[in-house]
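Enquirer: I need the structure of the sequence given here:
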Amino acid sequence: MHFKNPAILYFLLVILVPILVHLFQFRRFKKSYFTNVRFLQQLVIQTRKSSKIKKWLLLATRILLLICIVLAFAQPYFEAKDNQNAANATYIILDNSFSMQAQGKKGELLKRAIQELLENVPENLTFSLLTNSENYWNTDIKSIRNELQNLKYSSSAFEIESCMAKLSAHQPQSQKDIIVITDAVGLTQKQLDQANLDSKTYFLIPEAEQKNNISIDTVFISQTLDHFYDIGIQFSAFGNDFDAIPVALYNNDKLIAKTVSNFNSNKKELHFTIPKAKFHGYVSLEDKSLPYDKRLYFSISEMPKTNVISIGQAEKATFLSRIYTSTEFNYSNFLLENLNYNLLELQDAVVLNELDEIPQALQTTLKSFVNKGGNLIVIPSEKIGIQNLNSFLGNFGKMQFKTANSSEKLITKINFDHPLFKGVFESKIANFQYPKTKLTYTVQNPYPSVLRFEDQTSFLTIIQKANTNLAVFTAPINTKNANFQQSPLIVPVFYQLAQFGKKSSISALTIGANDAFSVKTQLSKEGILEVKGTEEQFIPEQQILYNKVQMHFHDSPEIAGNYTIFNQKERLENISFNYPRTESNLTQVSTDLLRKYNTEHTISTLFNTLQTERTDNQIWKWFVIFALLFLLVEMAIIKLVK
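Expert: Residues are numbered from 1 along each chain as shown. This next block holds a predicted model:
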């Protein structure tokens, strides 16, 4: 037993007062018998005995009364089992990712967890609460009641290591009680290791009753016809025993197609045929599981023609005119001496087609062109000065030409994983008719090759920049030096080189992916583009690149949907954003990883356990009660005992 006020115990000496009073009340009785009252002698003796008993009882009760009063003021207590952690700061980490939309026994997992927090967190407890999107430091349950009740789901996946880093930065030296409320979807051992959790971390794992879920993953144009698009939509199914699911396609909230699909495998692909026109809508499915991944927004805009200029002799550019046709390209060829340099800034791609020399003025112009987002293709000639070429290439990287080699070489290796060939080949080609060259330059090349010769040296290298690409061939490709123009590779290579980095006609961006998006427009230095939707509008990070503006969206917007890009009041282009599908697989629950940590089933149980183990057992109230009882006993003895 411990005492909060041990000095009060000196007042126990007051029990001497009733003892002394009691002793002084003892008096000797002188025996004197009268003849006429002698028969009462026996009765008097009995009366004296009962009086003594009464006095001893009164003395005992008064002593006990005083002892209880003194002990009550000294405030005795038994120390708590976990008293050393009683002063720990309390932190609550609440997972509000989309997987917490799943239905548990008492409703949505997140909403039920919030309700239990509101009901069970002590009102006098100061704590900090962190979610995927919000932080509340040193608050109490009354102060954040409204914020919790209106807490929205976050498109960011739950990252416990990130939350723990915030806690450590906020109070690095304090002892902490950390309560983590998460469904553990996607939780990995690596995350737990990086979080550096200690023994005072408690997990509450709400569990979904229904873990079957179907998500719409991607949408793409699988085929472009004369008057129609064939739209491909990919789905993922997690779980088993799915019913037939209705799938619908909407353009500007108007239903244009609908079907019913059975999901017998984990992956499913559906196709819709729609008119070849602008599209600004979404595809949706009806499912009773997670609502966030049941709708995929996308836009289709009219694909502007790509502007391409080739510089060189006309007879060597005939193959380019056959590739860059008028249906998709604005193509023209110029002799070097007839070139208007002002036209270069309006191009999407420029081809230096076997120039014998690259003048300094052209080098300067092309350097600026590449830095502002243009694609440049360099085909060397047999007569080019290597020093002149290397001086030009030095503006973009470390690739340098060495010597010419006149031995014949076969082009045998294709880097199918390079972004240039994304979506070009249905499968990897192992055996095809190898094109060949006669004169080839050896190069010092630290960059990965797109096409290689049989001796593993480079034939085509792409130097990738932040917003542009420089493609360099290591051999002339005119018909006298090579048969590459007759190869099936010639069309996809040059087509992709001109379009490389250019957005496709379909827009379905993922929030947080920070993909670059370009819009063709003339914008002044003070001008700025704005993205507007029905529920949100924002200004993205943007960079002016000649005749276009390149945007990066980072974590904007917060709400998935269809948006429009504005230049002041002018509508430029439609764009669509979707939530990442990282929370769709509800079967990916990793509760086994949490076995070595403290786990509780309910929030009320956790706080009751902490209060019981951390709170001292105060017993002074019992001594007050005993004091009152002894007072009542004393009064009863005085009145009832004769």
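
Enquirer: Kindly provide the distance from Asn567 to Asn252.
Expert: Distance, Asn567 to Asn252, by C-beta to C-beta, to the nearest Å: 22 Å. (Glycine included, C-beta is placed from N, CA and C.)

Enquirer: do the same with His418
Expert: 38 Å.

Enquirer: Between the two, which has more neighbouring residues?
Expert: His418 (17 against 12; other C-beta atoms under 10 Å).

Enquirer: secondary structure element for the closest residue to that one other than its chain neighbours?
Expert: Distance criterion C-beta to C-beta, 6 or more residues apart in numbering; nearest residue to His418, sequence neighbours excluded, is Val450 at 5.1 Å. Using DSSP states H and E, Val450 falls within strand 449-453.

Enquirer: Counting by contacts, list what that strand packs against.
Expert: Applying 3 or more C-beta pairs under 8 Å, 6 or more residues apart in numbering; DSSP states H and E, one finds that strand 449-453 contacts strand 409-414, strand 458-464.

Enquirer: And for the shortest one, what's in contact with it?
Expert: Strand 409-414 is contacted from outside by 421, 428-429, 434-437, 440, 449-457, 459, 475, 484, 487, 489, using C-beta atoms under 8 Å, 6 or more residues apart in numbering.

Enquirer: Repeat that for stretch 540-560.
Expert: 155-156, 295, 297, 345-346, 369, 372-374, 467, 509, 511-512, 514-523, 525, 528-529, 531, 533, 535-536, 538, 563, 565, 577-579.

Enquirer: tell me the mean pLDDT for it?
Expert: Stretch 540-560 comes out with an average pLDDT of 87.

Enquirer: And the strand or helix carrying His271, what does it pack against?
Expert: Following DSSP H and E, one finds His271 within strand 267-275. If contacts are counted by 3+ C-beta pairs under 8 Å, 6+ apart, strand 267-275 sits against strand 228-238, strand 245-251, strand 254-261.

Enquirer: what's the closest of those to Gly397?
Expert: strand 228-238 (36.7 Å; C-beta to C-beta).

Enquirer: neighbouring strands for the closest one, and are they parallel or not?
Expert: With DSSP bridges as the test, strand 228-238 is paired with strand 213-224 (antiparallel), strand 267-275 (antiparallel).

Enquirer: And the first one, what's buried?
Expert: So that's strand 213-224. Residues of strand 213-224 classed as buried: 213-219, 221 (neighbour count, 16 or more other C-beta atoms under 10 Å).

Enquirer: How about stretch 328-342?
Expert: For stretch 328-342, by 16+ other C-beta under 10 Å, it's 328-329, 331, 333, 339.

Enquirer: For the residue lying closest to Leu593 once chain neighbours are set aside, grab the count of nearby residues.
Expert: What sits nearest to Leu593 in space, not counting adjacent residues and going by C-beta to C-beta, 6+ apart, is Gln189, at 5.6 Å. Per other C-beta under 10 Å, the neighbour tally for Gln189 reads 10.

Enquirer: Same question for the one 3 residues further on.
Expert: Leu192 sits with 19 neighbouring residues when counted by other C-beta under 10 Å.

Enquirer: tell me the contacts of it?
Expert: Neighbouring residues of Leu192 by C-beta under 8 Å, 6+ apart: 160, 593-594.

Enquirer: and with 7 Å instead?
Expert: Listed by C-beta atoms under 7 Å, 6 or more residues apart in numbering, the contact partners of Leu192 are 160, 593.

Enquirer: buried set for the helix or strand containing it?
Expert: For Leu192, the enclosing helix or strand under DSSP H and E is helix 189-195. Within helix 189-195, the residues that count as buried by 16+ other C-beta under 10 Å are 191-192, 195.

Enquirer: just stretch 271-287 next, same as before
Expert: Across stretch 271-287, burial judged by 16+ other C-beta under 10 Å covers 272, 274, 276, 279-285, 287.

Enquirer: Contacts for it, please.
Expert: Here stretch 271-287 has contacts from 214, 216, 219, 222, 225, 227-233, 245-252, 256-257, 294-302, 562, 574, using C-beta under 7 Å, 6+ apart.

Enquirer: In ChimeraX, select just the buried ones from those residues.
Expert: In ChimeraX syntax, the buried subset of the contacts of stretch 271-287 is picked out as below (16+ other C-beta under 10 Å):
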select :214,216,219,229,231,233,245,247,248,249,250,251,294,295,296,297,298,299,300,301,562,574
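
Enquirer: Quick check: the residue nearest to His418 vs Lys422, distance?
Expert: 12 Å.

Enquirer: Between the two, tell me which one has more neighbours.
Expert: More neighbours surround Val450 than the other of Val450 and Lys422, with 22 against 11 (other C-beta under 10 Å).

Enquirer: The more buried one and Ile462 touch, don't they?
Expert: Yes - if you go by C-beta atoms under 7 Å, Val450 and Ile462 touch, sitting 5.6 Å apart.

Enquirer: what touches both of those two?
Expert: With C-beta under 7 Å, 6+ apart, Val450 and Ile462 have common neighbours Leu420.

Enquirer: Could I get the average pLDDT for stretch 218-232?
Expert: Per-region confidence: stretch 218-232 scores 84 on mean pLDDT.

Enquirer: Lowest average confidence across helices and strands, show me which element that is in the protein.
Expert: strand 617-618 (a mean of 62; mean pLDDT, DSSP states H and E).

Enquirer: Point out the other helices and strands that the following helix or strand past it packs with.
Expert: For strand 617-618, the succeeding helix or strand toward the C-terminus, using DSSP H and E, is helix 620-640. For helix 620-640, the elements it packs on are helix 41-74, judged by 3 or more C-beta pairs under 7 Å, 6 or more residues apart in numbering; DSSP states H and E.

Enquirer: Can you show me the helices along this protein?
Expert: For the chain, applying DSSP state H gives helices covering 16-24, 41-74, 109-120, 145-149, 160-170, 189-195, 318-323, 360-371, 386-393, 490-499, 603-614, 620-640.

Enquirer: So which elements touch the second one?
Expert: It refers to helix 41-74. Partner elements for helix 41-74 (3+ C-beta pairs under 7 Å, 6+ apart): helix 16-24, helix 620-640.

Enquirer: swap in the third one?
Expert: If you count contacts as 3+ C-beta pairs under 7 Å, 6+ apart, helix 109-120 packs onto helix 145-149, helix 603-614.

Enquirer: Leaving out the residues flanking it, which one is nearest to the residue at minimal distance from the centre of the chain?
Expert: The centre of the chain sits closest to Ser156, judged by C-alpha atoms, centre = their mean, with a distance of 2.6 Å. Nearest residue to Ser156 in three dimensions, chain neighbours excluded: Asn132, at 4.6 Å (C-beta to C-beta, 6+ apart).

Enquirer: what's around Met100, how many residues?
Expert: Met100, neighbours per other C-beta under 10 Å, totals 28.

Enquirer: got the contact list for Asp417?
Expert: No contacts exist for Asp417 under C-beta under 7 Å, 6+ apart.

Enquirer: Give me the contact list for stretch 578-589.
Expert: 97-99, 102, 155, 157, 183-186, 208, 211, 213, 215, 217, 236, 238-239, 290, 292-293, 296-297, 508, 510-512, 560.

Enquirer: Gln101 contacts Lys288, doesn't it?
Expert: No - assessed by C-beta under 7 Å, Gln101 is found out of contact with Lys288, at 11.4 Å.

Enquirer: out of those two, which sits in the busier spot?
Expert: Using other C-beta under 10 Å as the criterion, Gln101 and Lys288 rank with Gln101 on top: 21 against 11.

Enquirer: Give me the distance between Leu460 and Phe494.
Expert: Leu460 is 10 Å from Phe494, by C-beta to C-beta.

Enquirer: When the two are compared, which one has more neighbours?
Expert: Leu460 (25 against 22).

Enquirer: tell me the contacts of the nearest residue to that one once chain neighbours are set aside?
Expert: Leaving aside its chain neighbours, Leu460 sits nearest to Leu451 (4.2 Å; criterion: C-beta to C-beta, 6+ apart). Residues near Leu451 by C-beta under 7 Å, 6+ apart: 411, 413-414, 459-460.

Enquirer: switch the cut-off to 6 Å
Expert: Counting by C-beta atoms under 6 Å, 6 or more residues apart in numbering, Leu451 touches 411, 459-460.

Enquirer: Cheers, nothing more for now.
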